[in-house]
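In: below: sequence and its predicted model.
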Amino acid sequence: QVQLVESGGGLVQTGGSLRLSCVVSGRALSRSAMGWFRQAPGKEREFVAAITRYGGSTRYADSVKGRFTISRDNAKNTVYLQMNSLKPEDTAVYYCAAPNSFVASVGPRESEYNYWGQGTQVTVSS
């Protein structure tokens, strides 16, 4: 059974940085592309970033472009989200997500993903 476990969230001041991690178990990370989403209080879950199966290409939501970086270490079965220049509007629960095996590229639609982590809270204070 595929499981995704996020970590690295916390409380940070405006302008600060955090690095989120997502460890995948139950299958090799290299089997698929990966994505990050977030959900702020009272809002729908939204796409943040995605990375292709072997890390050759990435895509970002406009709201985080230039500030966030998604990366992966297939040897460690871990996907990362480096978040810099954080703003209060980045406050949300952040989720790691994966499609079925052998899907090489994913985008911003939740329907593309089959597995989700439990989420990790990120709070940015002003």
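Out: Yes, it's here.

In: for residue 38, grab phi and psi.
Out: Backbone geometry at residue 38, expressed as degrees, to the nearest 10, gives phi -150, psi 160.

In: how close does it get to residue 84?
Out: Residue 38 sits 15 Å away from residue 84, going by CB to CB, to the nearest Å. Using the backbone N, CA and C atoms, a C-beta is placed for each residue, glycine as well.

In: with neighbour numbers in mind, choose between the two.
Out: The neighbour comparison of residue 38 against residue 84 (other CB atoms under 10 Å) goes to residue 38, with 24 against 14.

In: distance of that one from residue 92?
Out: Where residue 92 is concerned, residue 38 sits at a distance of 4 Å (CB to CB).

In: ranges for the strands of this protein?
Out: Counting by DSSP state E, the chain has strands at residues 3-7, 10-13, 18-25, 34-39, 46-51, 58-60, 68-73, 78-83, 92-98, 115-116, 120-125.

In: cheers, nothing more for now.
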